[in-house]
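Q: Need the 3D shape of this:
(one chain, ligands or ions: 1)
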Amino acid sequence: MSEVISPPASALPLLTLNNISLSFKGVKAVTDISFAVARGEICALIGPNGAGKSSLLNVINGVYQAQEGRISFEGETCRRMRPHDAAVRGIARTFQNLALFKGMSVLDNVLTGRNLKRRSSWLEQALRLGRAAPEDDRQREAAERVIEFLHIQPWRNALVGKLPYGLQKRVELARALASEPKLLLLDEPMAGMNAEEKQEMSRFILDINREFGTTVVLIEHDIGVVMGLSHHVVVLDYGRKIGDGTPQEVRSNPEVIAAYLGTRH
Ligand SMILES: Nc1ncnc2c1ncn2[C@@H]1O[C@H](COP(=O)(O)OP(=O)(O)OP(=O)(O)O)[C@@H](O)[C@H]1O
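A: Sure thing, here's the model as predicted:
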């Protein structure tokens, strides 16, 4: 894999989490987490199982509402953000367990990522009237460009449920990318993949970051992949932040080493 190039320095972070705490019926999942994600960077969230990584991703895109703390996105601070608001503001995500329409084709799945870009009403779309027909063509062209970018054109008409798991993960990435996000949240994009597939997926994530300047926050368990892919690493353990810095800084952090070598588990 080629070297990770640092993103351009920008004064204002794209995303800032301030003192985020989240609990489920009194059980703390995330406690007092603060960190900032610079525009254009790839930030990895790592930590042992149950550390609170997915919960935090769900707070960022509004699936969960933090009981405490604030999130700022593009300088705008909000206490509560619903998933639809997050999508409208340019936050897209993929899931640990795939969330695709398995009975639909690759192209149709990717097209669902374009829904927020449509301006015609559902009636116009159903009857292909007014703005709907030319808009349909534009959305299809945009979806085809993403399909080509992620090298899934040979399967564009295949039913997603029939594809191997690694390809389904790529289709889910394509659907998220089709929405032209400013921030892409990837929950274990390489889970269940072999070394070759992981390398390929890392390559696509780097290409997205470089080609479109998309900021990425991803959860990944493979530390080798994280170190080769990320500009910034945030480490969680038991819902608390124990490390935050460059891959090199995090790798030499004694608390992180203790968490990973198991002396604390
Ligand atoms: N919907 C929920 N209801 C109750 N508890 C939850 C819920 N979601 C997460 N938790 C709890 O919050 C804690 C953090 O879980 P979370 O899934 O965020 O961790 P994680 O770091 O993503 O773990 P993994 O790497 O295994 O996916 C765990 O103790 C988990 O059991």
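Q: Would you mind identifying the helix or strand in this protein with the lowest mean pLDDT?
A: helix 122-127 (a mean of 60; mean pLDDT, DSSP states H and E).
Q: Check which element follows it along the chain.
A: Per DSSP states H and E, the first helix or strand lying C-terminal to helix 122-127 is helix 132-149.
Q: CA-only coordinates of that next one, as PDB, when you get a sec.
A: Only the C-alpha atoms of helix 132-149 are listed here, as PDB (Å, rounded to 0.1, in the frame of the first residue of the first chain):
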ATOM      1  CA  ALA A 132     -38.500  13.200 -13.200                       C
ATOM      2  CA  ALA A 133     -37.200  11.800 -16.500                       C
ATOM      3  CA  PRO A 134     -34.200  14.000 -17.000                       C
ATOM      4  CA  GLU A 135     -33.500  13.800 -13.300                       C
ATOM      5  CA  ASP A 136     -33.600  10.000 -13.400                       C
ATOM      6  CA  ASP A 137     -31.000  10.100 -16.100                       C
ATOM      7  CA  ARG A 138     -28.700  12.400 -14.100                       C
ATOM      8  CA  GLN A 139     -29.100  10.200 -11.000                       C
ATOM      9  CA  ARG A 140     -28.300   7.100 -13.000                       C
ATOM     10  CA  GLU A 141     -25.200   8.600 -14.500                       C
ATOM     11  CA  ALA A 142     -24.000   9.700 -11.000                       C
ATOM     12  CA  ALA A 143     -24.600   6.100  -9.700                       C
ATOM     13  CA  GLU A 144     -22.800   4.600 -12.700                       C
ATOM     14  CA  ARG A 145     -19.800   6.900 -12.000                       C
ATOM     15  CA  VAL A 146     -19.500   5.600  -8.400                       C
ATOM     16  CA  ILE A 147     -20.000   2.000  -9.600                       C
ATOM     17  CA  GLU A 148     -17.100   2.500 -12.000                       C
ATOM     18  CA  PHE A 149     -14.900   4.200  -9.400                       C
END
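Q: what about the strands in the chain?
A: Taking DSSP state E as the criterion, the chain carries its strands at 15-24, 27-37, 42-46, 68-73, 76-78, 91-94, 183-187, 215-219, 232-237, 240-245.
Q: which outside residues touch stretch 195-212?
A: Outside stretch 195-212, the residues that touch it by C-beta atoms under 8 Å, 6 or more residues apart in numbering are 1-2, 4-5, 7, 40, 42, 149-150, 166, 169-170, 173, 177, 180, 184, 186, 189-190, 193, 214-216, 218, 222, 225, 228-229. No exception for glycine: its C-beta is placed from N, CA and C like everyone else's.
Q: Any regions of the stretch 1-150 of the chain where pLDDT drops low?
A: 1-10, 97-98, 117-135 (pLDDT under 70).
Q: Contacts only, for the nearest residue to residue 243 once chain neighbours are set aside.
A: Closest residue to residue 243 apart from its sequence neighbours, by C-beta to C-beta, 6 or more residues apart in numbering: residue 235 at 3.4 Å. Residues in contact with residue 235 (C-beta under 8 Å, 6+ apart) are 46-47, 241-244, 250, 253, 256, 259.
Q: Need the residue closest to the centroid of the protein.
A: residue 185 (1.5 Å; C-alpha atoms, centre = their mean).
Q: pretty sure residue 92 contacts residue 181?
A: Yes. Here residue 92 reaches residue 181: they are 3.7 Å apart, a contact under C-beta atoms under 8 Å.
Q: Show me what from the chain comes close to the ligand.
A: 24, 27, 29, 47, 49-55 (C-beta under 6 Å from any ligand atom).
Q: how many other residues sit next to residue 243?
A: Neighbour count of residue 243, defined by other C-beta atoms under 10 Å: 22.
Q: how close does it sit to the ligand?
A: 14 Å (C-beta to the nearest ligand atom, to the nearest Å).
Q: Thank you kindly, that will do.
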